[in-house]
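Enquirer: sequence first, predicted coordinates after that:
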Amino acid sequence: MAAAERNIDRMARLVAGTEVRLRPHYKAHKCPELMRRQLAAPGTAGAACQTVAEAAELAALGCADVLLTNQLADPRRVAELLALPPEVDLGVLVDRPEQVDLLGAGAAAARRRVRVFVELDVGLRRGGFDAADPDVAVAVGAIEEQPWLELAGVQAYEGHAVLEPDVELRHRRAADAHALAGRFRDRLARLAGRPLVLTGGGTGTADLIAATGALDEIQCGSYVLMDAAYGRLGLPFEAALFCVATALSAHPDGRVVLDAGMKSLSGDGLPRALTPGVRVLGLSDEHTRARQAATVLRTGDRLLLQPWHVDPTMNLHDAVVVVEDGRTHTAPIRGRHAVRAG
């Protein structure tokens, strides 16, 4: 936990003295104990989440400002979200006019104000309007006509840039995305006749956003625990999440078989072995294949693996073992049972 606490402090110091606020993303770890500590950090505006069930957990934590960084397309999900305690200030994304109609009907039925953020695609090609889509004006007009909806801002996530290993290329891609998002936000602000929040970003671009102020909020997630993917980038955060594995077999030719596979670690990349001289070669369901240059590991030895990707790794486990002040306790990963957003 000490490493996670240092990461929380480093991110807070990154935005200290700027107008940029932090909105840590619950989807990264789904662990209430971690999120409680993140929300207590200076410069934090609220929390982000990806599902309605995660939003409910944040509300249970006492988080007063929750942004669901996803679209809703099911009236049942809208009703579940709007049934959260009224003291929680809720925000939701839209990238089609139909979603506005659905949100507006639900908000009117619940008699509850909802902040709406228009999502812009800035290069990831996942969610978000294209900047030139004529339906943008249709959606904004529909939001303004709904008495229980408030156009609050723009969501712009430069996911295509955050993991780029080349720092100059990463910053250039991110800066281009931020410039596009800024112009789009200004356009919508003129339509609305008031200032709007620009939110997005991530762990890999937090330094650039803090330095330029291009976004109003950073939706940082992985920084608190870090993973092998972000570990390649030379960011000012340290590894705080590990999987303890045992060498089931250590062969004379250097082959090593470990007892942790894709049921324990994310399978979208290879974990990093912290034991010097041990290199991970591949994952299967129950095993990790590795090779050692010398006899570092013997059969029965244990080693630490840093997962490639925090989010899906945490989603595989019911709890994490927390080491703090020389003692251990378990912290539930409650969000792994969350229902999809829509």
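Expert: Perfect, thanks for sending it.

Enquirer: from the centre of the protein, give me the residue that's furthest out.
Expert: In terms of distance from the mean C-alpha position of the chain, residue 252 ranks first, at 42.1 Å (C-alpha atoms, centre = their mean).

Enquirer: surely it is in a helix?
Expert: No - according to DSSP: H, G, I helix; E, B strand; the rest coil, residue 252 belongs to no helix; its state is coil.

Enquirer: against residue 291, how distant is it?
Expert: Applying C-beta to C-beta, to the nearest Å, the value for residue 252 to residue 291 is 12 Å. All C-beta atoms are positioned from the backbone trio N, CA, C, and that covers glycine.

Enquirer: which parts of the longest helix along the chain are buried?
Expert: What stands out as the longest helix in the chain, according to DSSP state H, is helix 167-192. For helix 167-192, burial by neighbour count (16 or more other C-beta atoms under 10 Å) applies to 170-171, 173-175, 177-178, 180-181, 184-185, 187-189, 191-192.

Enquirer: helix or strand next in line after that helix, which one?
Expert: strand 197-200 (DSSP states H and E).

Enquirer: can you name the residues that contact the nearest residue to residue 199 once chain neighbours are set aside?
Expert: Counting by C-beta to C-beta, 6 or more residues apart in numbering, residue 199 lies nearest to residue 217, which is 4.0 Å off, once chain neighbours are set aside. Residues in contact with residue 217 (C-beta atoms under 8 Å, 6 or more residues apart in numbering) are 20-23, 45, 197-201.

Enquirer: 6 Å - rerun?
Expert: Residue 217 is in contact with 21, 23, 45, 199, counting by C-beta atoms under 6 Å, 6 or more residues apart in numbering.

Enquirer: can you report how many residues neighbour the second one?
Expert: It stands for residue 23. 27 (other C-beta atoms under 10 Å).

Enquirer: OK, contacts around it?
Expert: 45-46, 48, 217, 219.

Enquirer: could you pull out the strands for the stretch 1-150 of the chain?
Expert: According to DSSP state E, counting those that start in this stretch, the stretch 1-150 of the chain carries its strands in the segments 21-22, 47-49, 65-68, 89-94, 114-119, 149-156.
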